[in-house]
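In: What follows is a predicted structure for the sequence shown.
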Amino acid sequence: MSFLDGLNDAQRQAVDHLSGPLLVVAGAGSGKTRALTHRIAHLISHHCVDPANILAVTFTNKAAREMKERLEILLARKIAFDQFAQPYSTLEMGKQRELRTRIYREITKELWIGTFHALFSRLLRFDIDKFVDTEGLSWTRQFSIYDEKDAQNLIKEIVTQDLQLDPKRFEPKKIRWAISNAKNQGWMPEKLEVESEGHRGKLIAKVYRLYRKSLAANNALDFDDLLLIPVQLLQQNEQIRGYWHNRFKHLLVDEYQDTNRTQYELIRLLSTNNLQPSLFKSWDNRSIFVVGDADQSIYSFRAADFTILMDFQNDFGDKKSDKITKTMVKLEENYRSTATILEAANSLISNNTERIDKVLKATRGEGSLIHLTRCDDEIAEAEAVTHRLKNLQRTNPELNWRDITILYRTNAQSRSLEDSLVRWGIPYVVVGGLRFYDRREIKDILAYLKLLINPADTVSLLRIINTPRRGIGKTTIQRLTDAANQLSIPLWDIVSDHEAVRTLGGRSAKGLLQFCELITSLKEQLKNSKPHVLIQDVIERSGYLNELISDATEESEERRRNLQELINAAIQHEEENDDGNIETFLATAALASDADEKDTSSNRITLMTLHSSKGLEFPVVCIVGMEQGLFPSYRSLDDSSSLEEERRLCYVGITRAKEQLFLFHASERRLWGGIREPALPSLFLSELPENLLKGDRPLSGGAALRKENRLERLTRIDRKESLEALAGGEQSLPANGLRKVHAGPSPGKSWAVGDQVIHANFGLGEITHTFGSGQKISIAVKFEGMGPKILDPRLAPIQPAGNI
DNA sequence: CTTCGTAAATTTTTT
DNA sequence: ATTTACGAAG
């Protein structure tokens, strides 16, 4: 029995790869996960590679878990066959369990499989104390991981307290985003300062510097640091780099098209020991194996860059042409979808210019046509989806709810769908949105744990110092914080200093002393208690549980259930990881995503964003909200490369479907509040072959859209001409007639696509879209040097540029 | 120090 | 429309 059995030629070539670089270009549904798991199993059992020498990067934690599970099954089957000469499933239960335990102990436990963030935070738990920072900052191995919210709060603090700036003008969210981008490029504050122009850019660099300092003071890292610090550490420390380079002889990266520069750098450092990949020659018993599909790259907003995949062969490879290369394999046979669905996907993606030429070849029958439904608004759309699915279930009794997914562009779209599904009694689960570990009560309890491990974590301390209430108020906290800042020591050092606390006197001192006692005694338990016991103690002894009980509202009931769930999660963590402790549990909690949590076993429809659907497949897929400005998003409409990314997202959505695909769009949609906005059918609908579609004629939509595009272009040209004409002293033309289509009869001013406007703060811009009409119009304007802004012309300080 | 009320912002996609 | 954030009163 071999792991090469039952594979096609290309898959076999990939799985059998032993040494050197290999790029596996794997189209949707071509069995790439199979190739990855089979290759790991093959390396271990056929090439006798030590599992500890393997590092495999997956895109989600869930994918990592599934890969480990599949590996265990594959290996169990082989061992059962080789040693007992019978199929694994016919072994008696006890034997099966024994075998699985053995495989876990000897193999899967030794493998490093996980996301970039999980793997490299693990590496930092070994070596971060040896990291030498250019600005003299340092961290210990007990570091906390801050989520996006924590990071933004820290930045808000810096903006308002340290720099005394208006957080409305300098939104913490935007600044965090700018800093995140810098980190993903590998830039330090100095570099950002040099690279950025203008006052604002320099200020952001300043915030960046203070933010790093603040993180270090808390002994904390943000998500980006989990990748950037390892890069810097591996660059600067030859010994540590050498150790990990020798350790990980076989690197595997899934979803390679969605890696960013920092992640690439990690891969390069580990595989070539910091050499230029083209100069690295010692590939004996060493490999770099990346799997991806440039057509499914959908994360450029977080600095993913699919040119890294496109350049792989130039970079690591033999630079030979596709036909004879040994460093690229293409998996083009699709085993997932019907021919109809594939043809639609191929046709759509052929509109993109930046890609590796690749066509998915169908291996399955034609299947049924793609169904398109036009609805009046988002409520009618939700009803239409529900009816469609009800009907489908009635006519196919063997179809389960879990076989169906509804995909949308933005999380906010789930609401109307949920309303409708509840009304019709259809079970569903929403993926995304609020993470389990982001719930307030969970974050509170985790903050206790973080503080126990990392006393420097002032963010966590401040979160819980008066939660539940202990009579420690704002003024007390301010005084303690001031003292800590003066002495440049962590807040906890002041709080735990009895002398210092006693000088405060009165009610707050009592509360503080009580709190200190609690933390100190919990700390003592840290060493000999299992995580779930410690969590239980925190919940009870902190008074958190009592407060929830005395509250006795429906909400507090829910919170209690969630805390019970947290204890269960800790127990599960202990069971699944021999070396599981509080630190590893906290790391798991910080890096888990909502999609990782959801159990797929229950029989319910899944609702999620198109982004979350990556890597999944369903017999029945519904995509809703196929409208211009929603999908593709309005932010992408005037930028061809982001429009191409939206198209890839649509390609991902379509290729999730195995049997049937249903598309929906509404001709009107309430976006926020009550404003109804007319919506045009998505450009992508007009890019699907007409003969594959049934239902509401897309042609009316597609054709109207094409006409609309032409109209916009005409308007733009006319506008220019009319300006020129005016300049030449001639009378203006029918451009106004055309423009009326877009602009309402608002008194005085009218706004139309293509118009130039002057904004008091942003300067000159051009209107790229209008939404709504009349008094309620809002406009999208592209200003120089920034993304499009959505403005309400009644409020925003803008003037038509023609009027000066 | 806490609670209650009003104001303001919110909607891209996420490890 | 719904949620979060801040400020005034208790």
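Out: The structure has been received and is ready for your questions. Numbering: from 1, shown residues only, chains lettered A, B, ... in the order given.

In: Can you report how many residues lie near residue A:591?
Out: By other C-beta atoms under 10 Å, 19 other residues sit near residue A:591. Where C-beta positions appear, they are placed from N, C-alpha and C, glycine not excepted.

In: same check, this time on residue A:318
Out: 13.

In: count of residues packed around the closest residue to DNA strand B within the stretch 251-400 of chain A?
Out: Closest approach between the stretch 251-400 of chain A and DNA strand B, counting by C-beta to the nearest atom of the strand: residue A:301, at 3.3 Å. Here the number of neighbours of residue A:301 (other C-beta under 10 Å) works out to 12.

In: Also residue A:426?
Out: For residue A:426, using other C-beta under 10 Å, the count is 17.

In: Confirm it sits in a helix?
Out: No. Residue A:426 is assigned coil when assessed by DSSP: H, G, I helix; E, B strand; the rest coil, not a helix.

In: what about the nearest residue to residue A:120 once chain neighbours are set aside, which helix or strand?
Out: Spatially, and ignoring its direct neighbours in sequence, residue A:120 is nearest to residue A:230 (4.5 Å; C-beta to C-beta, 6 or more residues apart in numbering). Using DSSP states H and E, residue A:230 sits in helix A:225-236.

In: ok, and for that helix, which residues are buried?
Out: The neighbour-count check on helix A:225-236 (16 or more other C-beta atoms under 10 Å) flags A:225, A:226, A:227, A:228, A:229, A:230, A:231, A:232, A:233, A:234 as buried.

In: filter those down to the ones near DNA strand B?
Out: Counting by C-beta under 7 Å from any atom of the strand, nothing from these sits close to DNA strand B.

In: Which of those sits closest to DNA strand C?
Out: Of these, the one sitting nearest to DNA strand C (C-beta to the nearest atom of the strand) turns out to be residue A:225, at 23.3 Å.

In: any idea how far the closest one lies from residue A:151?
Out: Distance, residue A:225 to residue A:151, using C-beta to C-beta, to the nearest Å: 10 Å.

In: In chain A, where is pLDDT below threshold?
Out: Per-residue confidence for chain A (pLDDT under 70) gives these ranges: A:505-506, A:672-675, A:697-754, A:759-764, A:768-804.

In: Tell me which residue in it sits closest to DNA strand B.
Out: Closest point on chain A to DNA strand B, by C-beta to the nearest atom of the strand, is residue A:473, at 1.2 Å.

In: Find the nearest non-adjacent residue to residue A:655, please.
Out: Excluding its sequence neighbours, the residue lying closest to residue A:655 (C-beta to C-beta, 6+ apart) is residue A:28, at 3.6 Å.

In: how far away is the nearest residue to the residue of chain A closest to DNA strand B once chain neighbours are set aside from residue A:660?
Out: The shortest distance from residue A:473 to any non-neighbouring residue, by C-beta to C-beta, 6+ apart, is to residue A:508 (6.8 Å). Residue A:508 is 64 Å from residue A:660, where distance means C-beta to C-beta.

In: When those two are compared, which one has more neighbours?
Out: residue A:660 (25 against 20).

In: Quick check: bridge partners of the residue nearest to residue A:368 when sequence neighbours are not counted?
Out: Excluding the flanking residues, the one nearest residue A:368 by C-beta to C-beta, 6+ apart is residue A:660, at 5.9 Å. Residue A:660 has these beta-bridge partners by DSSP bridges: residue A:620.

In: Isn't residue A:660 up against residue A:623?
Out: No. If you go by C-beta atoms under 8 Å, residue A:660 and residue A:623 don't touch, sitting 11.8 Å apart.

In: Please list the residues of the stretch 51-200 of chain A that sit near DNA strand C.
Out: Going by C-beta under 7 Å from any atom of the strand, the residues of the stretch 51-200 of chain A near DNA strand C are residue A:167.

In: which residues of the stretch 51-200 of chain A fall in helices?
Out: A:61-84, A:93-103, A:116-127, A:148-157, A:172-184, A:189-195, A:198-217 (DSSP state H, counting those that start in this stretch).

In: how about the ones you listed in CSV, adding mean neighbour count and distance to DNA strand B?
Out: CSV is the format used below for these (neighbours: other C-beta atoms under 10 Å; distance: least, C-beta to the nearest atom of the strand, whole Å):
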stretch, mean neighbour count, distance to DNA strand B
helix A:61-84, 18, 7
helix A:93-103, 13, 26
helix A:116-127, 20, 4
helix A:148-157, 19, 5
helix A:172-184, 19, 7
helix A:189-195, 16, 19
helix A:198-217, 18, 15
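
In: Now render these as TSV, adding distance to residue A:278.
Out: Putting the helices of the stretch 51-200 of chain A into TSV (distance: least, C-beta to C-beta, whole Å) gives the following:
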stretch	distance to residue A:278
helix A:61-84	30
helix A:93-103	38
helix A:116-127	24
helix A:148-157	37
helix A:172-184	24
helix A:189-195	26
helix A:198-217	33
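
In: returning to that earlier point: do you know how far the residue nearest to residue A:655 is from residue A:331?
Out: Taking C-beta to C-beta as the measure, residue A:28 falls 10 Å from residue A:331.

In: got it, and residue A:374?
Out: In this structure, residue A:374 and residue A:331 are 36 Å apart, going by C-beta to C-beta.

In: Between the two, which is the more surrounded one?
Out: residue A:331 (26 against 21).

In: Report the buried residues of stretch A:484-497.
Out: A:484, A:490, A:491, A:492, A:494, A:495, A:496.

In: Please report how far the residue nearest to the fourth one when sequence neighbours are not counted lies from residue A:520.
Out: Spelled out, it's residue A:492. The shortest distance from residue A:492 to any non-neighbouring residue, by C-beta to C-beta, 6+ apart, is to residue A:455 (4.5 Å). Counting by C-beta to C-beta, the gap from residue A:455 to residue A:520 is 11 Å.

In: More neighbours: which of those two?
Out: Taking neighbours as other C-beta under 10 Å, residue A:455 and residue A:520 compare with residue A:455 leading, 20 against 11.

In: quick one: that one and residue A:489 touch, right?
Out: No. The criterion here is C-beta under 8 Å, and residue A:455 misses it with residue A:489 at 10.4 Å.

In: Could you report the neighbour count for the nearest residue to residue A:81 once chain neighbours are set aside?
Out: Leaving aside its sequence neighbours, residue A:81 sits nearest to residue A:1 (C-beta to C-beta, 6+ apart; 4.8 Å). The tally of other residues near residue A:1 (other C-beta under 10 Å) stands at 11.

In: ok, residue A:1 to residue A:258 distance?
Out: Distance, residue A:1 to residue A:258, by C-beta to C-beta: 34 Å.

In: Next: residue A:236.
Out: For residue A:236, the distance to residue A:258 equals 27 Å [C-beta to C-beta].
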